[in-house]
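# just need the structure, nothing else, for what follows:
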Amino acid sequence: MIGTSETREIVDWRKTTEDGETVYEIEYSEPVPEPTGRSKTLFGASSGGTVPAGEQYFELPDGERIPASEAVFDAEGTTLRVRRRSSLAARLRRYLPW
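Predicted coordinates for the structure are as follows:
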């Protein structure tokens with residue numbers, strides 16, 4: 001689960017939409033940093049080894065998975081805001097007829 005650790009737990013969360021983008025606002029029991037790097041606890045494979053870039057994701061409190069390449073973070077104190085921002089290629093595929 002995103003942002004949790006042995007001592008940090010999710011206290012509350014909510015899912016909203018801002019400017020057409022899904023935003024998760026997650027509150028933790030202690031300060032939380034913006035996720036960086038490739039933490040084993042954040043990415044899809046729990047059996048070890050390398051996870052291909054296209055298969056890496058962040059799991060959110062409601063069970064939704066956001067591809068790591070589409071996640072944008074903003075951390076402030078005990079609150080982490082997570083946005084799903086589609087890649088340029090994904091946005092083009094939605095609007096092009098092919």
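# so how far is Asp12 from the nearest residue to Arg65 once chain neighbours are set aside?
Leaving aside its chain neighbours, Arg65 sits nearest to Tyr57 (4.2 Å; criterion: C-beta to C-beta, 6 or more residues apart in numbering). Backbone N, C-alpha and C define where each C-beta goes, glycine included. Counting by C-beta to C-beta, to the nearest Å, the gap from Tyr57 to Asp12 is 23 Å.
# these two: who's more crowded?
Counted by other C-beta atoms under 10 Å, Tyr57 and Asp12 do not tie: Tyr57 has more neighbours, with 19 against 11.
# which strands and helices lie in contact with the helix or strand Phe58 falls within?
Using DSSP states H and E, the element containing Phe58 is strand 57-59. Judged by 3 or more C-beta pairs under 8 Å, 6 or more residues apart in numbering; DSSP states H and E, strand 57-59 is in contact with strand 65-67.
# note down every partner strand of the strand it packs on and its orientation.
Applying DSSP bridges, strand 65-67 is found paired with strand 57-59 (antiparallel).
# where do the strands sit along this protein?
10-18, 21-28, 57-59, 65-67, 71-76, 79-84 (DSSP state E).
# so what does the longest one touch, helix or strand wise?
Under the contact definition 3+ C-beta pairs under 8 Å, 6+ apart, strand 10-18 sits against strand 21-28.
# contacts for the strand it packs on, please.
2-4, 8-17, 32, 60-61, 78-85 (C-beta atoms under 8 Å, 6 or more residues apart in numbering).
# doesn't Ile2 make contact with Glu58?
Check again: residue 58 is Phe, not Glu. Yes. Using C-beta atoms under 8 Å, Phe58 is in contact with Ile2, at 4.8 Å.
# burial count for the closest residue to Asp12 other than its chain neighbours?
Distances taken as C-beta to C-beta, 6+ apart place Glu27 nearest to Asp12, at 4.6 Å, with adjacent residues excluded. Glu27: 15 surrounding residues under other C-beta under 10 Å.
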